[in-house]
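> pasting the sequence and the predicted model now:
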Amino acid sequence: MTHHHQLDTLAGELFHTFARTEYSLKAAGFNNGEGAAEADWRKFALAVEALIAKPPSKDLKEAIDFILGAPPKKQMIRNGVIKWEESKPTTDSKADELLIYVRRVRNNLFHGGKFNGHWFSPERSEALLRSSLTILFSCVEAVPNVSAAYHG
């Protein structure tokens, strides 16, 4: 299996997991209330703050350290040109910052992590994808009603 094929598979898994997580958050009450159904990621982050502060597994700790240590950049338009910029979220919560980065990984993928079928820095992309998946799974499992909605 080529590296690119493996990355395509991982990306598909992240899109699927992300969509399911977002649905589960909305279903489990981590939403913005009446009206358009939107997930409240910050509320969810605060519910997993302890998990992120003291990760129970080596896998999760490594995933958190990787993402926080070299966070995904944000696509910005500067003078009409697309640039990738470091952009630290303004939040007082480590879990919130982490989940913002996980969403950014997903968004970057969605909006062009690949170009003409080629991945940018495949090794880093793979580590970002794997770390994001580990973090999403761990956070979902840490909140019983979210986990129930996810597996329901």
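Everything's here; your move.
> how much space between the nearest residue to Ser87 once chain neighbours are set aside and Ala50?
The shortest distance from Ser87 to any non-neighbouring residue, by C-beta to C-beta, 6 or more residues apart in numbering, is to Lys74 (4.1 Å). Using the backbone N, CA and C atoms, a C-beta is placed for each residue, glycine as well. Using C-beta to C-beta, to the nearest Å, Lys74 is found at 28 Å from Ala50.
> need the residue closest to the centroid of this structure.
Geometric centre of the chain, nearest residue: Val102, 2.1 Å, by C-alpha atoms, centre = their mean.
> what about the residue nearest to Ser87, neighbour count?
17 (other C-beta atoms under 10 Å).
> check the one 3 residues further on too.
For Ile77, the count of nearby residues is 8 (other C-beta under 10 Å).
> am I right that it is in a strand?
Yes: judged by DSSP: H, G, I helix; E, B strand; the rest coil, Ile77 forms part of a strand.
> need the contact list for it.
Lys83 (C-beta atoms under 8 Å, 6 or more residues apart in numbering).
> quick check: bridge partners of it?
Ile77 has the following beta-bridge partners by DSSP bridges: Ile82.
> let's have the chain start at 51 instead
Yes, from this point I'll number from 51; that puts the last item at Ile127.
> going along the chain, name the strands of the protein.
Assigned by DSSP state E, the chain shows strands spanning 124-128, 131-135, 164-165, 168-169.
> got a markdown table for those, with mean pLDDT too?
Shown next, in a markdown table, are the strands of the chain (pLDDT from 0 to 100):
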| stretch | mean pLDDT |
| --- | --- |
| strand 124-128 | 87 |
| strand 131-135 | 86 |
| strand 164-165 | 56 |
| strand 168-169 | 68 |
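> in CSV: these, plus distance to Glu112.
Below are the strands of the chain laid out as CSV (distance: least, C-beta to C-beta, whole Å):
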stretch, distance to Glu112
strand 124-128, 23
strand 131-135, 24
strand 164-165, 25
strand 168-169, 22
